[in-house]
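**Q** Dropping the sequence and predicted coords here.
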Amino acid sequence: MELFNVYSLYPVEPVRGKGCFVYDGAGTEYLDLYGGHAVISIGHAHPAYVRAISEQVARLGFYSNSVENSLQQRLAALLGRISDYDDYRLFLCNSGAEANENALKLASFQTGRTKVLAMGKAFHGRTSGAVAATDNPAISAPFNRTPNVEFVPLNDLEAVRAKLSTREFAAVIIEGIQGVSGIHCPTDDFLRGVRAAATETGTQLILDEIQSGYGRTGRFFAHQQAGIRPDLITTAKGMGNGFPIGGVLIAPHFEARQGMLGTTFGGNHLACAAAIAVLETLEGEGLVENAARVGDYLLGELRRFDRLKEVRGRGLMIGVEIDGSGSELRRELLFEKHIFTGGAGASTVRLLPALCLTRELADRFLEAFAETLKK
């Protein structure tokens, strides 16, 4: 049997990692500024993370959600305190797409409505409901397309107000920062306006913080910059630093009913051990604050470059739009400079490094980036 070939692969195989670096089988060192789609939050092979998973699997790796699991309670309490959402409740699942699926279901249960409003160029996942709210026909099968999801342009508050005024929508879903489309930020005024319009019309506001959350932007969640509180917050990626886990933070006005949501693997013992280690490391090593400092420095230095069309983002979630081929530049960086970066569209390079990135490593990238641009 062979693999079903749906990925465009670089001929590089990382076999181990440490901090902000990965290494191939020949021992070649690569600076990782992509973190496997923003997944690596505290760094590769962090000792506390490795220890937590190793010790937990030696005790108990898995049991289902039919029994008590105190690790789930510990994770929820820690996440609530560190994120400043103590009064919300947590539903645990396995991925970002699942988190969004469950958030959309909760909004529909709560309101009795069937429609969802999403943003143009949005990406919310590849499962049925999540991909229906994703503005990319290339990954949405005919089966997934539904008149129950409508799209408006990001930052067009009047368009949002017009749609929500019909009071047909269960939810409006917005990414804290649009990642896959190339790092496009909702303005603070837009988020505040959407919050007000959703409250006025009984619509549930879902903030998809799967890529932009867990300290990446210099705040625990990107939307906190605007001073709003959504009804539902979805998270994954950096939550487990590589171990699959996702979650939905749920506002107090939702009623939990037995059986309304469920999962086999969500919130399992290993996933919770990994997620607790991530939160303890984020807090203990000041990585959210580091993301703000190093991210501000990196953004500022990149904006000095000539020949760049635009530099977008916050913290360590950065999109660099060049006047040329982004994929060609990324290949040069990877094979000539041994630096992993991500892409978005034809001309944007995405930077999503671990939050432990130092200013010295940022300078190493900036020097390599400048040399590569000259080519």
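**A** Happy to help now that I have it. Numbers count the residues shown, from 1 in each chain.

**Q** What confidence value was assigned to residue 324?
**A** Among the per-residue scores, residue 324 holds a pLDDT of 86.

**Q** With residue 252 instead?
**A** Reading off the model, residue 252 has pLDDT 98.

**Q** burial measure for the nearest residue to residue 224 once chain neighbours are set aside, as a count.
**A** Counting by Cβ to Cβ, 6 or more residues apart in numbering, residue 84 is the residue found nearest to residue 224 once chain neighbours are left out, at 7.4 Å. Every C-beta, even on glycine, is put in place using the N, C-alpha and C of the backbone. Burial measure for residue 84: 13 neighbouring residues, criterion other Cβ atoms under 10 Å.

**Q** ok, residue 84 touching residue 219?
**A** No - with contact defined as Cβ atoms under 8 Å, residue 84 does not count as touching residue 219 (9.6 Å).

**Q** My read is that residue 190 contacts residue 158, right?
**A** No - the pair residue 190 / residue 158 is not scored as a contact, 10.6 Å apart, by Cβ under 8 Å.

**Q** So for the two, which sits in the more crowded spot?
**A** The neighbour comparison of residue 190 against residue 158 (other Cβ under 10 Å) goes to residue 190, with 18 against 10.

**Q** Mind checking the pLDDT average for the helix or strand that contains the more buried one?
**A** In this assignment (DSSP states H and E), residue 190 forms part of helix 188-201. Looking at helix 188-201 alone, the average pLDDT works out to 98.

**Q** May I have the strands that pair with the next helix or strand after it, each with its orientation?
**A** Once helix 188-201 ends, the next helix or strand along the chain (criterion: DSSP H and E) is strand 204-208. The sheet places strand 204-208 alongside strand 169-175 (parallel), strand 232-235 (parallel), with pairing taken from DSSP bridges.

**Q** now for the helix or strand where residue 30 lies, which elements pack on it?
**A** Assigning secondary structure by DSSP H and E places residue 30 in strand 29-32. Using 3 or more Cβ pairs under 8 Å, 6 or more residues apart in numbering; DSSP states H and E as the contact definition, the elements that strand 29-32 packs against are strand 21-24, strand 339-340, helix 359-374.

**Q** packing partners for the longest one?
**A** The one in question is helix 359-374. strand 29-32, helix 287-302, helix 326-337.

**Q** can you tell me which of these comes nearest to residue 41?
**A** Relative to residue 41, the nearest member of the helices and strands packed on helix 359-374 by Cβ to Cβ is helix 287-302, separated by 7.4 Å.

**Q** Paired strands for the helix or strand that the closest one is followed by, with orientation please.
**A** Sequence-wise, the next helix or strand downstream of helix 287-302 (DSSP H and E) is strand 308-314. Applying DSSP bridges, strand 308-314 is found paired with strand 317-322 (antiparallel).

**Q** quick one on the thing from earlier: most neighbours per residue, which of the helices and strands packed on strand 29-32?
**A** Burial among those, expressed as mean neighbours by mean count of other Cβ atoms under 10 Å, is greatest for strand 339-340, which shows a mean of 22.

**Q** Which strands border that strand, and is each parallel or antiparallel?
**A** Neighbouring strands of strand 339-340 in its sheet, by DSSP bridges, are strand 29-32 (parallel).

**Q** how much distance is there from the partner strand to the middle of the chain?
**A** In this view, strand 29-32 has its centroid 22 Å away from the chain centroid, taken as Cα atoms, centre = their mean, to the nearest Å.

**Q** cool, and stretch 341-348?
**A** Its chain's C-alpha centre and that of stretch 341-348 lie 17 Å apart, by Cα atoms, centre = their mean.

**Q** tell me which residues in that stretch are buried?
**A** Residues of stretch 341-348 classed as buried under the neighbour-count rule (16 or more other Cβ atoms under 10 Å) are 341-344, 347-348.

**Q** and the angle from the helix or strand hosting residue 162 to strand 169-175?
**A** Under the criterion DSSP H and E, the helix or strand holding residue 162 is helix 157-164. With axes from the mean of the first three to the mean of the last three Cα atoms, to 10 degrees defining the directions, helix 157-164 sits at 150 degrees from strand 169-175.

**Q** Against which helices or strands is helix 157-164 packed?
**A** In this structure, helix 157-164 makes packing contacts with strand 115-119, strand 149-152, strand 169-175, helix 188-201, judged by 3+ Cβ pairs under 8 Å, 6+ apart.

**Q** what's the most buried one of these?
**A** Between the helices and strands packed on helix 157-164, the one whose residues have the most neighbours on average, counting mean count of other Cβ under 10 Å, is strand 169-175 (a mean of 27).

**Q** can you give me the mean pLDDT across that one?
**A** In this model, strand 169-175 has a mean pLDDT of 98.
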